[in-house]
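K.L.:
what follows is a predicted structure for the sequence shown.
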Amino acid sequence: MKIKYLPEDFIVEEILNYQDLISTKSNILLFKVQKKNITTLKAIEKIKLLTKCKVKFLGLKDKYSLSTQYITIKTNNPEKTLKILDKYKNKNPKTEFVCFLQNEPTLENLKYNKFKIILRDIDKKELNNYILNIEKINEIGYFLNYYDNQRINVKINISKETDRKNLKEEIKKIINNTYFLENFLEIKKNTEEYTTKFNFVKQRETIIKESLMFNLSLCQTTIEEMENQNLNIKLKLYLNNNIILIPSIDEIDQENLQKIILLFRKFPEINRYFGNLKNRNPISKIDKPIEYKVYDDELHKGRSKIKLEFQLKTGEYSTILIKHIIPSKHFSHLKYRPYLI
């Protein structure tokens, strides 16, 4: 299975509620920005350099995608700023003026992100497993809210040959060893982000460490809940510059899947590990069912593709949802294959 094979295979669009903020004219300009194969920070930096103005955005979007998001530009000369960006409106990033605003929007104005994603190069022998997993996720309406590699990019010294018991012990050691987090965690820097001058980048290491702690704690709780439920099903372990542990939903019945995921609503005392992330919900709710269609893959002869359409709240990762959908048994190649424990 291939994801992000083409930028047009991964389309994400911010849905912003800004109608109550509209002004007839002001020094705050709202723009819709479309970018392709560059990070949000790099796109915003280009706009800042052109306009010499203060630019604000609400969320980071995947680099390898065709993404649309909103930005605000605060300017002392709106006419000049509009003329400058009009000259570059068909470049990458593309900019489109929307309206003047009374005030800058906040995360409360960001309703959700809308996704259109194509999964390609799927072997027909495993196609039905993908479909069954999509329908199970739709039925339960939740998935585990891990941070994915867009946020976490670290080297973790956990063996790929580990079993469930040893993994639990290794996670416990890391969680309780703040010295490890401060001194031995090798953070892999995103070169494109680190060449920008945003204060956000300076805070990146702290954000990554807190996010990793969240993921580690969610992994630990997942194992504990499996033990509490006496469920001996396979878990999918992802260790590619991150750590994510997901129950193999193609091996679990609907009732037990529901028990496991809904128990995370309480998310016991491990919240104390999360620092600024202590209010992050460990499960994501799917407000609207995932829509999907199956086609022959025109770019991979004899293979299938699945087109997915869904929406998620800000901070929820579409790639994590897809990791839930991926079957535990594969006939096709996966770039980042999970380990079954």
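P.N.:
Thanks, I have it.
K.L.:
for the stretch 101-250 of the chain, which spans come out with low pLDDT?
P.N.:
178-204 (pLDDT under 70).
K.L.:
so where do the strands sit in it?
P.N.:
Here the stretch 101-250 of the chain has its strands, by DSSP state E, counting those that start in this stretch, at 110-122, 142-144, 154-155, 186-187, 235-238, 244-247.
K.L.:
which residues in the stretch 51-200 of the chain form helices?
P.N.:
Secondary structure of the stretch 51-200 of the chain, counting by DSSP state H, counting those that start in this stretch: helices at 78-87, 127-140, 164-175, 178-183, 191-194, 199-202.
K.L.:
hang on, the earlier thing: ranking the strands of the stretch 101-250 of the chain by burial, who's on top?
P.N.:
Compared across those, strand 244-247 shows the largest average neighbour count, a mean of 24 (mean count of other C-beta atoms under 10 Å). (Each C-beta comes from the backbone N, C-alpha and C, glycine too.)
K.L.:
check which helices and strands it is in contact with.
P.N.:
helix 204-228, strand 235-238, helix 318-325 (3 or more C-beta pairs under 8 Å, 6 or more residues apart in numbering; DSSP states H and E).
K.L.:
ok, Glu14 touching Gln69?
P.N.:
Yes - between Glu14 and Gln69 there is a contact under C-beta atoms under 8 Å: 4.4 Å.
K.L.:
what do those two both touch?
P.N.:
58-59, 61 (C-beta atoms under 8 Å, 6 or more residues apart in numbering).
K.L.:
circling back to that earlier point, any chance of the helices of the stretch 51-200 of the chain in TSV, with mean neighbour count too?
P.N.:
Shown next, in TSV, are these (neighbours: other C-beta atoms under 10 Å):
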stretch	mean neighbour count
helix 78-87	15
helix 127-140	17
helix 164-175	16
helix 178-183	11
helix 191-194	13
helix 199-202	12
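K.L.:
was I right to think Ile15 contacts Lys114?
P.N.:
Yes - the criterion here is C-beta under 8 Å, and Ile15 meets it with Lys114 at 5.7 Å.
K.L.:
got any residues that touch both of the two?
P.N.:
Gln311.
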